[in-house]
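Asker: sequence first, then the predicted structure, then my questions.
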There are 2 protein chains.
Amino acid sequence: MTNDAPIPVPVSLLRPPTDDLLDVVGIGSPLVDVICRVEDAVLDRLGLTKGSMELISLDQAEAIYASMGSSIEVSGGSAANTVAGVAALGGKAGFIGKVADDAMGEVFTHDISASGVDFEAAIVPADEAGTGRCLVMVTEDAERTMATHLGVANTFAPGDVDGHLLARTKITYLEGYLFDLPPAKEAMRQAVEATHAADGSVALTLSDSFCVERHRSDFLGLFDGDIDLLFANHDEIVALFGAKGLDAALDALEETGVLGAITLGADGSMIVTPAGRIAVPAAPVATVVDTNGAGDLFAAGFLYGITNGLDPEASGRLGGLCAAEVISHLGARPQADLRRLASEAGLI
Amino acid sequence: MTNDAPIPVPVSLLRPPTDDLLDVVGIGSPLVDVICRVEDAVLDRLGLTKGSMELISLDQAEAIYASMGSSIEVSGGSAANTVAGVAALGGKAGFIGKVADDAMGEVFTHDISASGVDFEAAIVPADEAGTGRCLVMVTEDAERTMATHLGVANTFAPGDVDGHLLARTKITYLEGYLFDLPPAKEAMRQAVEATHAADGSVALTLSDSFCVERHRSDFLGLFDGDIDLLFANHDEIVALFGAKGLDAALDALEETGVLGAITLGADGSMIVTPAGRIAVPAAPVATVVDTNGAGDLFAAGFLYGITNGLDPEASGRLGGLCAAEVISHLGARPQADLRRLASEAGLI
């Protein structure tokens, strides 16, 4: 590991800027988060594993919602949160996903468009499934446990991917959660090909260590030329490589030659590049209220950074700053002016 | 003014507790708040007066929403916020209001019921009007400006008031905003009679100084035996009595014989009783994020206090504590455990 000399962004992630290019296009499940605070005992009673994301049916969603306290609704979805953050920093961002023509679809569409993101949605008529909802239960320790009813996002498939956005993006950002859905997996494969054909790069977030356990071999297969940049947290990267600990996992990641941005909670992040590793400290946060969105917004800052001329270390700092903002309140979308925060911190 | 001897709750507000009694029943417009941060220039462009609440049509609501940034949705409505706060403190509370059978009506109904409030709703089939929405724009100074499309709450009328709840309440709490709607005004008059017939007391919040300007003579008429307790802030009480300043307004209030709880922002509150006045300091708050709900939650703490054996000063302190919690985040419903906060502060 060395922090001595500035480490450059790998050439494969650089693309000459033109007026028409987008910095990041995200592909994922559009969701509206329904957030409330719960005691740990509630998770036990509902049979949910703390810190995980579980897919649930409409019936389960209704039963869990009925047992939840007074909630707040905020647009969510992992990749959508990330591109909203990129746009909040002043970047050019797009999003691809599937919503229903209903009240929650209207909320999601309003919010992501109002964030400045170019949303080319697959909109389907409202039916029983509806727009996806994520029930987010936040415990005293600020950890979040999620139960997601994907609704119409469950049928996301190759025909829902818009090749026009992918032909214009520097980086296509994929959420690992999509690997739970076979047609979405195929859509992601096509997106990888379309992005590379247009000289763009592909980034993947592992999303969730339980998701990694379910799809380890699929994820490992992506290192064979499909992805150029990986986002993961401690548990996810260890799970991916079946490693004995973080160091072993980082060694394994380094061998793949893929750029890695690994979040480590209060310990900040570790950027793994072909030219060495960079430890980046966490940004200070007064009170951690809700960790939901921490990884998504770290990715936003990092992606904005490397597509806008920052080196990997500064990009990691920007990621940490964005993550610190989003964990200081309920909800996984930024509430403060990220661009101003970044400017005040001297990062942009 | 004296703070020397404990000042008791006026006898008219005391009612012997029984298992079946509710502490507070609120009557008001059920709303879902759609909250976003804006710059002052946006208010100017939309023609909205900072700090006010304005009623708008569906077309206006759609136009303003389209120009708003990424938002969060939280159940709101002034009186509904108050009874949710009473319930969060452990009190028994009810609410009467009109919602549509649509997604936002479902959100409102879930949240108020999940708060522990007995909601006897007038539910009407979903039509174009829908459940009421309040567009809340929060500026840098944490002030909120509101544009409300009442939806089906616009037709709230005497037939929508449930006499059963009013026969069981210690205090019926009315929001002044209802005076903007003639049929609702008649419904409020019937509610006052039903409450008094069952030996309950009636509280009114003036809601908004612009609302007071619109209905001053109606409000003043209520002091002739209709109301027993008044909530107002500085601007509202001054507007009500057309007074030269706060002291003159408080003198005028004292002459009416009605118990008054006057909120004064960072200066705390002033409780005006027939036996003298009590100045209550504000509770500390680290960062004021959004003042929306400050008055509603002050009323929650005060109402819980006086219906649960606290003297007016302690009730004012509890009100201040609840207000401090709600202004520390976006949204006008409590996010922290109010009962625990009150217990830690030695108030309950």
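Answerer: In hand now; what should we look at? Numbers count the residues shown, from 1 in each chain, chains lettered A, B, ... in the order given.
Asker: okay, now stretch A:278-285: how far is its last residue from its first?
Answerer: End-to-end distance for stretch A:278-285: 22 Å, by C-alpha to C-alpha, to the nearest Å.
Asker: three-state assignment of residue A:128?
Answerer: Classification of residue A:128 using DSSP: H, G, I helix; E, B strand; the rest coil returns coil.
Asker: pretty sure it is in contact with residue A:58, am I right?
Answerer: Yes - if you go by C-beta atoms under 8 Å, residue A:128 and residue A:58 touch, sitting 6.7 Å apart. In short, each C-beta sits where N, CA and C put it, glycine included.
Asker: okay, the two: which has more neighbours?
Answerer: The residue with more neighbours, out of residue A:128 and residue A:58, is residue A:58; 14 against 8, by other C-beta atoms under 10 Å in any protein chain shown.
Asker: got the contact list for the more buried one?
Answerer: A:128, A:129, A:149, A:151 (C-beta atoms under 8 Å, 6 or more residues apart in numbering or on different chains).
Asker: neighbour-wise, which one of those residues leads?
Answerer: Within the contacts of residue A:58, residue A:151 tops the neighbour count with 28 neighbours, counted by other C-beta under 10 Å.
Asker: and that one, what pLDDT?
Answerer: Per-residue pLDDT puts residue A:151 at 96.
Asker: next one: residue A:157
Answerer: 94.
Asker: in terms of helices and strands, where is the closest residue to it other than its chain neighbours?
Answerer: In space, and not counting its chain neighbours, residue A:157 is closest to residue A:183: 3.8 Å by C-beta to C-beta, 6 or more residues apart in numbering or on different chains. In the assignment (DSSP states H and E), residue A:183 maps to helix A:182-197.
Asker: return the set of buried residues in that helix.
Answerer: By 16 or more other C-beta atoms under 10 Å in any protein chain shown, the buried positions in helix A:182-197 come out as A:184, A:185, A:187, A:188, A:191, A:192, A:194, A:195, A:196.
Asker: same question for stretch A:117-135.
Answerer: Buried residues in stretch A:117-135, defined by neighbour count with 16+ other C-beta under 10 Å: A:117-119, A:121-122, A:124, A:126, A:129-135.
Asker: surely the residue nearest to residue A:157 is in contact with residue A:156?
Answerer: Yes - counting by C-beta under 8 Å, residue A:183 touches residue A:156, with 6.7 Å between them.
Asker: ok, which stretches of chain A are strands?
Answerer: A:22-27, A:31-37, A:53-55, A:72-76, A:93-101, A:118-125, A:132-138, A:144-149, A:169-175, A:201-205, A:229-233, A:259-263, A:269-273, A:276-280 (DSSP state E).
Asker: helices and strands around the third one, which ones?
Answerer: Based on contacts counted as 3 or more C-beta pairs under 8 Å, 6 or more residues apart in numbering or on different chains; DSSP states H and E, the elements that strand A:53-55 packs against are strand A:144-149, helix A:209-214.
Asker: what average pLDDT does that strand get?
Answerer: On average, strand A:53-55 scores 93.
Asker: which outside residues touch that strand?
Answerer: So strand A:53-55 is contacted by A:48, A:134, A:146-150, A:177, A:180, A:207-208, A:210-211 (C-beta under 8 Å, 6+ apart).
Asker: ok, so of the residues you listed, who is nearest residue B:141?
Answerer: The shortest gap between residue B:141 and any of these belongs to residue A:134, at 32.7 Å (C-beta to C-beta).
Asker: quickly list what the closest one is bridged to.
Answerer: On the basis of DSSP bridges, residue A:134 is bridged to residue A:33, residue A:148.
Asker: need the contact list for it.
Answerer: Neighbouring residues of residue A:134 by C-beta under 8 Å, 6+ apart: A:31, A:32, A:33, A:34, A:53, A:76, A:77, A:146, A:147, A:148, A:149.
Asker: smallest distance to chain B belongs to which residue of the stretch 101-250 of chain A?
Answerer: residue A:103 (3.6 Å; C-beta to the nearest C-beta).
Asker: can you report how many residues lie near that residue?
Answerer: The tally of other residues near residue A:103 (other C-beta under 10 Å) stands at 22.
Asker: residues touching it, list them.
Answerer: Contacts for residue A:103 (C-beta under 8 Å, 6+ apart) come out as B:102, B:103, B:104.
Asker: can I get the residues you listed in TSV including pLDDT and distance to residue A:302?
Answerer: Below are the contacts of residue A:103 laid out as TSV (pLDDT from 0 to 100; distance: C-beta to C-beta, whole Å):
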residue	pLDDT	distance to residue A:302
B:102	95	40
B:103	94	35
B:104	96	36
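Asker: so where do the helices sit in the stretch 201-348 of chain A?
Answerer: A:209-214, A:216-221, A:234-241, A:246-256, A:294-307, A:312-326, A:338-344 (DSSP state H, counting those that start in this stretch).
Asker: measure stretch A:258-275 end to end?
Answerer: Stretch A:258-275 has an end-to-end distance of 11 Å (C-alpha to C-alpha).
Asker: of all the residues in that stretch, which ones are buried?
Answerer: Here stretch A:258-275 shows A:258-264, A:268-273 as buried, counting by 16+ other C-beta under 10 Å.
Asker: now, which of the contacts of residue A:58 sits nearest residue A:171?
Answerer: residue A:151 (27.3 Å).
Asker: thought that closest one was touching residue A:129?
Answerer: Yes - with contact defined as C-beta under 8 Å, residue A:151 counts as touching residue A:129 (4.4 Å).
Asker: report the set of residues contacting both of those two.
Answerer: Both residue A:151 and residue A:129 are contacted by A:58, A:100, under the criterion C-beta under 8 Å, 6+ apart.
Asker: quick check: the gap between the closest residue to residue A:266 other than its chain neighbours and residue A:267.
Answerer: Counting by C-beta to C-beta, 6+ apart, residue A:282 is the residue found nearest to residue A:266 once chain neighbours are left out, at 5.6 Å. Using C-beta to C-beta, to the nearest Å, one obtains 7 Å as the distance from residue A:282 to residue A:267.
Asker: overlap in contacts of those two?
Answerer: With C-beta under 8 Å, 6+ apart, residue A:282 and residue A:267 have no common neighbours.
Asker: thought residue A:305 was touching residue A:321?
Answerer: No - shown here, residue A:305 and residue A:321 do not form a contact pair, counting by C-beta under 8 Å, at 10.2 Å.
Asker: where do the contact lists of these two overlap?
Answerer: Common neighbours of residue A:305 and residue A:321 (C-beta under 8 Å, 6+ apart) are residue A:347.
Asker: ok, those two, which is more surrounded?
Answerer: Set residue A:305 next to residue A:321 and count neighbours by other C-beta under 10 Å: residue A:305 wins out with 29 against 24.
Asker: tell me the pLDDT of the more buried one.
Answerer: With respect to pLDDT, residue A:305 scores 97.
Asker: just give the nearest non-adjacent residue to it, would you?
Answerer: residue A:315 (2.8 Å).
Asker: now do the same contact list for that neighbour.
Answerer: A:9, A:261, A:271, A:301, A:302, A:303, A:304, A:305, A:306.
Asker: related to what we said a few turns ago, any chance of the contacts of residue A:103 in CSV, plus distance to residue B:23?
Answerer: Formatted as CSV, these follow (distance: C-beta to C-beta, whole Å):
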residue, distance to residue B:23
B:102, 30
B:103, 31
B:104, 27
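Asker: hmm, residue A:292 and residue A:136 touching each other?
Answerer: Yes - between residue A:136 and residue A:292 there is a contact at 5.6 Å, judged by C-beta under 8 Å.
Asker: find residues that contact each of the two.
Answerer: With C-beta under 8 Å, 6+ apart as the test, residue A:136 and residue A:292 both reach A:33, A:35, A:76, A:144, A:146.
Asker: quick one, phi/psi of the residue in the stretch 151-300 of chain A that chain B sits nearest to?
Answerer: Closest contact between the stretch 151-300 of chain A and chain B, by C-beta to the nearest C-beta, is at residue A:286 (7.4 Å). Phi and psi for residue A:286, reported as degrees, to the nearest 10, are phi -60, psi -60.
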